[in-house]
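A.B. asks: A structural model of the following input is requested.
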Amino acid sequence: MNEKYLPLDNFPVYGGKPVRIEDILDSLQINHPKSDITLVQRAYIYAASAHQGMMRRSGEPYLNHPLAVAGILCDMKMDMPTVVAGLLHDTIEDTEATLEDVAKRFGRDVANIVDGITKISQMNFSSAKERKASNMRKMILAMLTDLRVILVKLADRLNNMRTLGYMPEDKQLLIAAETLEIYAPLASRLGIHKIQTELEDLCLYYLEPNTYSTIRLNLSVGQLNRQAYVEEVIEYLARRVKEFHIQAQIEGRSKHIYSIWRKMCDQNLTFEQIYDLTAFRIIVDNIQDCYGALGVIHSIFKAIPGRFKDYINLPKANGYQSLHTAVIGLRNTRMEIQIRTHNMHNYAENGVAAHWRYKDGKAISTEETQRITALRSVLSWQETLINPDAFLNSVRESLAERESIYVFTPAGNVKELPAGACPIDFAYSIHTMVGHNCIGAKVNGAIAPLHHKLANGDTVKVLTNRSGAPSRDWLSYTVSPRAKAKIRQWFAYEERTKAIAFGHDLLEKEMRRAKITKARLDNPEVLKKLGFSNLDELNAAIAFGKFPVGRILQILAPEKYKPASPPPQKFASIPPAGRTAEANHGILVSNLSDVFMRLAKCCSPIAGEPIIGYITQGHGVSIHSAACLSLAGLDPDRFVNVSWNNQTENNFEIYFQVRGSCHPGLFMEIMDLINPRVENILEAHLNDDNQETRMLFRLVVRNQAQFETIRMLIKKNPAIKQAERFFPAEKIGY
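C.D. replies: Numbers count the residues shown, from 1 in each chain. Here you go, the predicted model:
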């Protein structure tokens with residue numbers, strides 16, 4: 001670890017002072033005086049025995065880690081079973097201990113938490129996306145079954161981040177990136193500000209060490225002046241609110257480094273341009289005093305317009321409540337001030353852990369369950385989001401912390417939506433079918449387009465029609481994870497329905513050719529032999545190119561059907577099944593986006609030019625240019641309509657030939673013209689025979705329009721005689 005990047009004081013990247021069992025027992029007796037601490041003592045002895053002889057990379061006993069995790073859980077004031085689970089969380093995974101033994105010794109409640117942690121601790125974000133998505137589902141399932149599982153996991157991750165300095169640099173980057181992507185946003189979603197901010201700062205420390213060091217040094221430069229200013233403001237605010245008989249606890253703090261960095265990035269600011277490095281907090285006894293203190297602040301300081309937010313009346317999605325305002329304060333300096341009650345402050349720091357309801361065996365309350373509604377929604381979408389990228393993106397979108405707006409239904413009910421939401425987001429927040437059937441909207445009584453951005457206080461009325469249906473364009477301007485997932489879910493269902501019909505028609509056509517009756521396919525044993533439980537699954541597999549028709553015919557009637565010898569390979573290699581939409585080159589086949597296809601190498605079509613599809617024997621659909629000479633003589637029954645998806649952003653390789661008169665420097669002129677206008681130049685060849693210059697290029701372009709622009713510019717050169725595409729079969733002599 002490079003010492004020049006050491007963080008601020010009391011910021012432990014090497015673990016800090018080890019936690020002792022006595023510290024944990026003392027904390028439990030303060031937070032839960034009626035608890036039986038002998039259970040914790042027995043868990044400590046059990047963990048010490050199970051981990052005996054095991055060491056961490058730092059050289060310290062492994063037992064220090066579960067002790068640290070239990071200590072973090074005590075700081076969160078968690079209940080006894082959770083703290084015990086923190087002590088035992090690695091025993092099943094890393095030692096000879098069994099789940100049955102843990103349950104027998106410490107109870108089923110503790111065992112269930114430890115089991116949940118064990119199931120999700122195998123996550124490996126450097127492995128295949130399918131495994132990553134599967135493990136993420138497991139983590140959400142475990143969390144929604146018992147929230148204490150994820151609270152222990154967050155404590156485990158926090159201690160691992162605190163001691164990350166002992167890991168190799170590649171592991172540091174991998175773990176920090178994973179933490180910033182998933183665990184810090186998860187802590188935010190659960191309202192656990194203390195863990196969120198520390199994880200974010202630690203991640204920045206490893207991922208952007210120069211940035212971290214620069215901000216830290218800039219903060220340290222004015223530390224003494226800032227501290228004097230904080231004390232001055234606290235004394236002044238305490239005196240003024242007391243004049244109005246409001247009992248208040250007033251705090252001042254520097255913003256954490258990650259939040260400063262985010263503000264610099266989001267608003268394109270330098271450190272010197274950030275004026276609100278310090279924030280103040282007023283903590284009072286009740287809600288009435290919150291608004292009273294706000295009145296005092298606005299009476300003595302000038303409020304900055306647009307910066308007041310009332311999260312008491314309209315809490316954030318994670319349950320956070322507070323009043324936020326910004327004013328021009330003492331020394332003519334901008335000040336951010338939060339005003340909240342003691343209970344609100346406790347929740348702001350510890351989130352769901354602050355109002356835990358696992359007492360006397362009672363399950364978590366409905367109110368707290370609703371605090372993670374967005375994550376429950378992600379879980380409900382998982383069956384339709386088969387693509388791992390789509391699922392993981394939905395998780396990230398749901399965890400992402402966004403500013404909220406509050407809009408009203410015509411009946412006066414409040415709906416919280418992410419900033420930037422449109423009427424479609426609003427429609428899906430009411431009900432899935434309202435979203436699907438949305439055809440228009442009225443905002444504040446006036447007709448508004450569906451892409452209209454809603455603002456705080458808008459009243460929105462959704463216009464629906466039973467024949468209405470989602471459009472793919474909606475995905476470009478919806479922002480709420482629920483709306484995006486429901487739209488994708490609708491198209492997934494529509495595509496599967498069309499795929500089943502597409503596969504059915506293809507199979508039926510081939511069965512007629514081979515003179516095989518449908519009755520042979522009605523046998524459940526035949527379907528079982530093919531590996532499918534029903535005909536719909538088989539037809540979908542055919543449409544998506546995952547099961548060749550020829551193989552089906554051979555199984556149905558081996559005595560009749562003799563497959564023809566495979567034709568010479570004319571096409572590019574087949575991409576593997578389960579590819580992303582990009583592997584389909586952004587092509588829709590009969591309105592299907594996941595049909596197994598490949599670009600024909602004989603004509604190498606690129607986005608924007610007219611194309612046609614041809615159904616091959618067991619190899620999906622090959623895509624040809626509509627002008628391709630190879631199409632002559634092919635079976636007209638196998639042609640299908642295909643089109644480019646307008647949103648495709650794929651790249652295409654093409655060969656491009658230029659012929660011109662011999663002219664010194666002509667090759668470099670053409671290179672200079674092409675280079676800034678293409679995605680890449682893969683090959684460039686020159687053949688000059690003193691009579692004619694011939695140039696051959698292999699280029700990467702986005703679409704036909706880009707290529708045509710380049711071609712026309714080249715043809716304007718008076719030395720150029722010809723500038724045309726050509727195909728690999730013509731690549732003779734180069």
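A.B. asks: which helix or strand lies directly C-terminal to the helix or strand hosting residue 415?
C.D. replies: For residue 415, the host element (DSSP states H and E) is strand 414-418. Heading C-terminal from strand 414-418, the first helix or strand you meet, by DSSP H and E, is helix 423-430.
A.B. asks: immediately after that next one, which helix or strand?
C.D. replies: helix 432-436.
A.B. asks: what is that following helix packed up against?
C.D. replies: On a contact count with 3 or more Cβ pairs under 8 Å, 6 or more residues apart in numbering; DSSP states H and E, helix 432-436 meets helix 423-430, helix 481-513. Heads up, the C-betas are built off the backbone N, CA and C, glycines and all.
A.B. asks: what's the mean pLDDT across stretch 717-728?
C.D. replies: Stretch 717-728 shows a mean pLDDT of 82.
A.B. asks: got a list of contacts for it?
C.D. replies: Contacts of stretch 717-728 from elsewhere in the structure, counted by Cβ atoms under 8 Å, 6 or more residues apart in numbering, are 601-604, 654-661, 663, 666, 669-670, 692, 707, 711, 714-715.
A.B. asks: buried members of those residues into ChimeraX, please.
C.D. replies: Buried subset of the contacts of stretch 717-728, written as a ChimeraX selection, criterion 16 or more other Cβ atoms under 10 Å:
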select :601,602,603,604,654,655,656,657,658,660,666,669,670,707,711,714
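A.B. asks: the contacts of stretch 717-728 in strands, which ones?
C.D. replies: For the contacts of stretch 717-728, membership in strands holds for 654, 655, 656, 657, 658, 659, 660, with DSSP state E as the criterion.
A.B. asks: what's stretch 429-437 in contact with?
C.D. replies: Stretch 429-437 is contacted by residues 409, 415, 417, 424, 427-428, 462, 464-470, 480, 482-483, 486-487, 490 when judged by Cβ under 8 Å, 6+ apart.
A.B. asks: tally of neighbours for residue 434?
C.D. replies: 15 (other Cβ atoms under 10 Å).
A.B. asks: can you put the ones in strands among the contacts of stretch 717-728 in TSV and add distance to residue 539?
C.D. replies: As requested, those are exported to TSV (distance: Cβ to Cβ, whole Å):
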residue	distance to residue 539
654	36
655	38
656	41
657	44
658	48
659	50
660	54
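A.B. asks: need those residues in CSV with distance to residue 209 and pLDDT, can you?
C.D. replies: Formatted as CSV, the entries for the ones in strands among the contacts of stretch 717-728 read as follows, by distance: Cβ to Cβ, whole Å; pLDDT from 0 to 100:
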residue, distance to residue 209, pLDDT
654, 43, 85
655, 45, 86
656, 45, 87
657, 50, 89
658, 48, 89
659, 54, 88
660, 53, 86
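A.B. asks: closest to residue 225 among those?
C.D. replies: Lowest distance from residue 225 to these (Cβ to Cβ) belongs to residue 654, with 62.4 Å.
A.B. asks: in the sheet, who's paired with that closest one?
C.D. replies: Listed beta-bridge partners, residue 654: residue 699 (assigned using DSSP bridges).
A.B. asks: cool, thanks, talk later.
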